[in-house]
Each structure stands twice: as structure tokens, then as C-alpha cells.
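*Asks:* how would this look folded up:
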Amino acid sequence: MRMTSVLTVLFFFFALPPSHENDCREPRTTTCEPARSLSPAARIPAAAGQEISGMVKSRFHDDIYWVLNDSGNLPALIPVTSSGEIASPDTRGYIVDGLENTDWEALAIDRDGTIYICDTGNNFSSRHDLKIHRVSESRDNPALTGTVDTFRIHYPEQQLFPSPDMAYDCEAAFIRDNNLFLLTKRRQDRNTSLYRLRLSSLDKTAQTHALELMCTFPVNGLVTGADISADGNIVAVLTYTSLWVLEHYEDNNFFSGSVRCIPLTDAGQIESVCFMGNHTVAAVNESANELFFIDITAP
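*Replies:* Numbers count the residues shown, from 1 in each chain. Just a heads-up that it's a prediction; the model follows:
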């Protein structure tokens, strides 16, 4: 997919579009930093799959990160280390019994080690079967434990399948305040829409759960991943060409505070991001399985 030039990203900050209904609250500050050329710090073996699209840090095990591959791959979660090593006896990781990988695109994890698998890839906004799967990681070793729960979800705003605006593809998610937040990849206008799923409302007997639209923000790119720091104070949003760092926001209005854009180059097709610490994130590209570590401390 063709990537937006750094000049276009820079131009965005001097030509913000006029506000529309459902736009996110205007940030207090917006900054675009100089572009960063990334060099891989490690590489995940191809045995783990070569379409890694989601990544989260374990809540119980030091230097363990759970990753998944997208559509057409095994319904598995693979534990890897920051040096790229696969940390399971089987290089394919742990198969999640009873599930199909229709288009797994994102992972989110809460403080208790509950992992949410987002089967929300939807390239042409044509799917009627979007799902969130819930599993748990073991405290004893980097493995999965317990039963699997599945919840159907939908976008109340979508009326046509496929949708001409192709606005209902999601490859990014994170958890805060017992809410699962999802960020969409909007191909037509290159914005992102922020949706919320209240985890307290999940009901295994419900036919489907409606996502709640919070707002839309002009990231001028295609969102491929997101994560929140362990302290809940920083959100990282990844596109193919940039990393957006959101800080000092009010409540869950993530775009309301300090918004920084860091253009990224030489990273390939990066599709997943997660926090390693409060000021460092890891990102992985598809095909090459290269791991990049990015310091997000403000200059």
C-alpha cells in the first residue's frame, strides 16, 4: 500500500480541516517532530508467522509479549521476547481452541492478564461477523489458561454492507477504565474513529453488542495499531508512516491534550505496537518480522 510522504504529514498540522459533528475535542497542543529512521533491534523467527498484526505486553511475565497473525493464519497467540525468541514449546504458540482466525488484527490486555483478541479486520467494510474473543494468560508460565468467551459486535452507524466509505475496519485496540477502545482504519478520508465497548456490559447470551462512537480524528493515515501505557497516561497510535503520542488528556478524551506526531521511515509495513515501559514502545512489521524500539520521550 502506498505510504503518505513525510511532507504530507507535516502539512497536516498547518491545514487542519474544519470541525464536523463527532470530531474529537481539539487538542491543547499539536506537534510534529522530525522524522525518525528506524533500524531493527531484533527479528522474530518466521516460524511464528509472517503477518504479525497485534502485540501486547504480558502482565505477569518479564520480557514476554503476546503476538498474533492476521487472516488465513492459525488461531494462535505466540509469546515472544524482546530479542525475538519464541517463548513457547511449539513455535506456532498456543492454539485457541474452538476459534477461527477470520481476520484477527489487534490485541488488548487488562491489568489482570485478560487478553482480548479483536477479530475486527474488515478491509471492505463488508463483514457481519465481527467478534471479540476473551482469553486469559497463565500466571505460572507464558501460556493461556481457562475458557474462551466470544462476543459479537457491530457498528450502529453502518447501514450498507459493504459500506462505500470503507470506514469500519479496525486494527487497533487498548483497554482503560474497564473499557475496550477501538480505533478504525478509514481508507477514504484517512481519519480514525474512536469507539468504546464497555467491558462491564459484555453478556455471553447477547446476540450482539453495539460499539459506541466517541469521536473522529484526522490522523492523515491508516491506523494499524495502538496501545496504552501501564499507568494509563499515554496512548500510542500507529499508522504506516507515523506514530502518534497522546498525553495529558482528560478522562477518556484521548485527543484532548498533547498530541505529537513522529513520522517514521525505513520501517516497512508496521502493523503492531505496544508499550515496553512508560516511555518506550515496540513495533513490528509484517513479512520481515523486524522489531523496532522507539523512545517516545518528548524532545
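
*Asks:* Any figure for the gap between the closest residue to His128 other than its chain neighbours and Trp104?
*Replies:* Spatial nearest neighbour of His128, excluding adjacent residues (Cβ to Cβ, 6 or more residues apart in numbering): Phe161 at 6.3 Å. All C-beta spots, glycine's among them, are computed from the backbone N, C-alpha and C. When distance is defined by Cβ to Cβ, to the nearest Å, Phe161 is 20 Å away from Trp104.

*Asks:* For these two, indicate the residue with more neighbours.
*Replies:* More neighbours surround Trp104 than the other of Phe161 and Trp104, with 29 against 12 (other Cβ atoms under 10 Å).

*Asks:* Local confidence estimate at the more buried one?
*Replies:* For Trp104, the model assigns a pLDDT of 98.

*Asks:* Which secondary structure element is home to it?
*Replies:* Using DSSP states H and E, Trp104 maps to neither a helix nor a strand.

*Asks:* Now for it: which residues touch it?
*Replies:* By Cβ atoms under 8 Å, 6 or more residues apart in numbering, Trp104 lies in contact with Ser53, Gly54, Leu68, Asn69, Asp70, Ser71, Asn73, Pro75, Ile117, Cys118, Asp119, Gly121.

*Asks:* go again using 6 Å as the cut-off
*Replies:* Leu68, Asp70, Ile117, Asp119 (Cβ atoms under 6 Å, 6 or more residues apart in numbering).

*Asks:* Neighbour-wise, give me the winner out of those.
*Replies:* Counting by other Cβ under 10 Å, top hit in these: Leu68 with 30 neighbours.

*Asks:* So it sits against Met55, correct?
*Replies:* No - taking contacts as Cβ atoms under 6 Å, Leu68 lies outside contact range of Met55: 8.0 Å.

*Asks:* Now stretch 167-180 - C-alpha only, CSV.
*Replies:* Listed next in CSV are the C-alpha coordinates belonging to stretch 167-180 (Å, rounded to 0.1, in the frame of the first residue of the first chain):
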residue,chain,number,x,y,z
ALA,A,167,-14.9,3.2,7.4
TYR,A,168,-15.4,0.1,9.5
ASP,A,169,-12.1,-1.7,9.5
CYS,A,170,-10.4,-1.9,12.9
GLU,A,171,-6.8,-3.0,13.6
ALA,A,172,-6.0,-1.1,16.8
ALA,A,173,-7.3,-1.5,20.4
PHE,A,174,-6.4,-0.9,24.0
ILE,A,175,-8.1,-1.0,27.5
ARG,A,176,-8.6,1.8,30.0
ASP,A,177,-11.1,2.2,32.9
ASN,A,178,-12.7,-1.2,32.1
ASN,A,179,-13.4,-0.1,28.5
LEU,A,180,-12.1,-1.6,25.3
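
*Asks:* Where does the prediction get shaky in the stretch 1-150 of the chain?
*Replies:* 1-21 (pLDDT under 70).

*Asks:* Please, where are all the strands along it?
*Replies:* Assigned by DSSP state E, counting those that start in this stretch, the stretch 1-150 of the chain shows strands spanning 29-32, 36-37, 42-43, 52-57, 65-69, 76-80, 94-95, 106-109, 114-119, 131-137, 144-154.

*Asks:* Using JSON lines, lay out those strands together with distance to Glu212.
*Replies:* Listed next are the strands of the stretch 1-150 of the chain as JSON lines, based on distance: least, Cβ to Cβ, whole Å:
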{"stretch": "strand 29-32", "distance to Glu212": "25"}
{"stretch": "strand 36-37", "distance to Glu212": "34"}
{"stretch": "strand 42-43", "distance to Glu212": "38"}
{"stretch": "strand 52-57", "distance to Glu212": "22"}
{"stretch": "strand 65-69", "distance to Glu212": "25"}
{"stretch": "strand 76-80", "distance to Glu212": "27"}
{"stretch": "strand 94-95", "distance to Glu212": "31"}
{"stretch": "strand 106-109", "distance to Glu212": "16"}
{"stretch": "strand 114-119", "distance to Glu212": "16"}
{"stretch": "strand 131-137", "distance to Glu212": "14"}
{"stretch": "strand 144-154", "distance to Glu212": "11"}
